[in-house]
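K.L.:
When you get a sec, could you give me coordinates for this:
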Amino acid sequence: MSWNFALILFVLLVVTGIIWTLDIAVLRRRRVQRAKAAADGVDTTYAADPQEAVRLRQEAATAASRVPWWVEYAVSFFPVILFVFVLRSFVVEPFRIPSGSMLPTLQSGDLILVNKFTYGIRLPIVDKKIIDIGSPQRGDVVVFRYPVDPDVDYIKRIVGLPGDEVAYVDKKLYVNGQLVPHERDGEYFEPDRVSYIGQYKEKLGEVDHQILLDEGKSQIYGPIWKFPSLNNCEYARNGVRCTVPEGHYFAMGDNRDNSADSRYWGFVPDANIVGKAFFIWMNFSDLSRIGSFN
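P.N.:
Numbers count the residues shown, from 1 in each chain. A predicted model of the protein is given here:
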């Protein structure tokens, strides 16, 4: 979901909200006045009986007080739009996993929920943090706006925090000089490659999770653009070493050989972070996927 959808939702909220307020403050009272005037103006001289006179007045009042279609729709949809806007702006927002870069944790087609307030309350549209509740920790799976193209949402796992030295050398991950060990945990069939690949257990911070890794496959490392703080990174044939600048994070996909992440496009600014992913609420191809994940 892009920033444009949030803007469209906001515009709809403002328009329907104005009409809803105008209806309560002005239009509704005017309709009542028109209905009363229409009922009083009915000529009942030739009515067959008192009941006929009442019916004529009611019909005149109903016709005069009819709500315009645009007011009726706006008043009906405003509470719904308000609920959705508040929910996705401050509580949770749904996203769809588009690729296999987070395998085996998240599969393509997983529909996930993202907690919008774990890392602080942000103003919608402008994305300015107004209440600082917390910050991403190592091992968190986060959704953020892609630094190369902020209109695109990415999801990765936080590996490095501000000030950390992160190194990925010879398919091994180091944080502040300490090796992050991984232990073989069978094999995993990767649909993108139509082949089996090694599955491993890894622990980042307090989070135990699984990764995919082909230790025998060579990998080329290098920046895909001149990202901010590029001079904080050193690239070699067998890996990359970076010092994470303040206010930024180093993020990687769990599918280590098939993920475009901070190793290639740089650091994730705190301002780009949307929220923490925490729940798979649907996968139409595999209902057993529904549930929480690490």
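K.L.:
From I24, how far off is the nearest residue to A63 once chain neighbours are set aside?
P.N.:
Excluding the flanking residues, the one nearest A63 by C-beta to C-beta, 6 or more residues apart in numbering is A38, at 6.9 Å. Using the backbone N, CA and C atoms, a C-beta is placed for each residue, glycine as well. Using C-beta to C-beta, to the nearest Å, A38 is found at 22 Å from I24.
K.L.:
So for those two, which sits in the more crowded spot?
P.N.:
Between A38 and I24, A38 has the larger neighbour count (other C-beta atoms under 10 Å), namely 17 against 11.
K.L.:
Can you name every helix or strand that the strand or helix carrying the more buried one contacts?
P.N.:
Taking DSSP states H and E as the criterion, A38 maps to helix 28-40. Judged by 3 or more C-beta pairs under 8 Å, 6 or more residues apart in numbering; DSSP states H and E, helix 28-40 is in contact with helix 50-64.
K.L.:
packing partners for the helix it packs on?
P.N.:
helix 28-40.
K.L.:
Please enumerate residues in contact with the helix it packs on?
P.N.:
57-58, 60-67 (C-beta atoms under 8 Å, 6 or more residues apart in numbering).
K.L.:
try 10 Å this time
P.N.:
22-23, 54, 56-68, 71, 75 (C-beta atoms under 10 Å, 6 or more residues apart in numbering).
K.L.:
Restricted to buried residues, select the residues you listed in ChimeraX.
P.N.:
Typed into ChimeraX, the line below selects the buried ones among the contacts of helix 28-40, using 16 or more other C-beta atoms under 10 Å:
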select :23,56,57,60,61,64,65,71,75
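K.L.:
lowest-pLDDT helix or strand in the chain?
P.N.:
helix 50-64 (a mean of 84; mean pLDDT, DSSP states H and E).
K.L.:
In CSV, list the C-alpha atoms belonging to whichever helix or strand comes after it.
P.N.:
For helix 50-64, the succeeding helix or strand toward the C-terminus, using DSSP H and E, is helix 69-86. Only the C-alpha atoms of helix 69-86 are listed here, as CSV (Å, rounded to 0.1, in the frame of the first residue of the first chain):
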residue,chain,number,x,y,z
TRP,A,69,-27.9,11.7,-2.9
TRP,A,70,-24.5,13.2,-2.3
VAL,A,71,-25.4,14.1,1.3
GLU,A,72,-26.9,10.7,1.9
TYR,A,73,-23.7,8.9,0.6
ALA,A,74,-21.3,11.2,2.5
VAL,A,75,-23.2,10.9,5.8
SER,A,76,-23.4,7.1,5.4
PHE,A,77,-19.7,6.6,4.5
PHE,A,78,-18.1,9.1,6.8
PRO,A,79,-18.1,6.9,9.9
VAL,A,80,-16.7,3.9,7.9
ILE,A,81,-13.9,6.0,6.3
LEU,A,82,-13.1,7.6,9.7
PHE,A,83,-12.8,4.1,11.3
VAL,A,84,-10.6,2.8,8.5
PHE,A,85,-8.4,5.9,8.4
VAL,A,86,-7.8,5.8,12.2
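K.L.:
Helix 69-86 to helix 28-40, inter-axis angle?
P.N.:
Put simply, helix 69-86 runs at 150 degrees to helix 28-40, going by axes from the mean of the first three to the mean of the last three C-alpha atoms, to 10 degrees.
K.L.:
Give me the helices and strands touching helix 69-86, please.
P.N.:
Packing contacts for helix 69-86, counted by 3 or more C-beta pairs under 10 Å, 6 or more residues apart in numbering; DSSP states H and E, involve helix 3-22, helix 28-40.
K.L.:
please redo it, this time with the cut-off set to 6 Å
P.N.:
Under the contact criterion of 3 or more C-beta pairs under 6 Å, 6 or more residues apart in numbering; DSSP states H and E, helix 69-86 touches helix 3-22.
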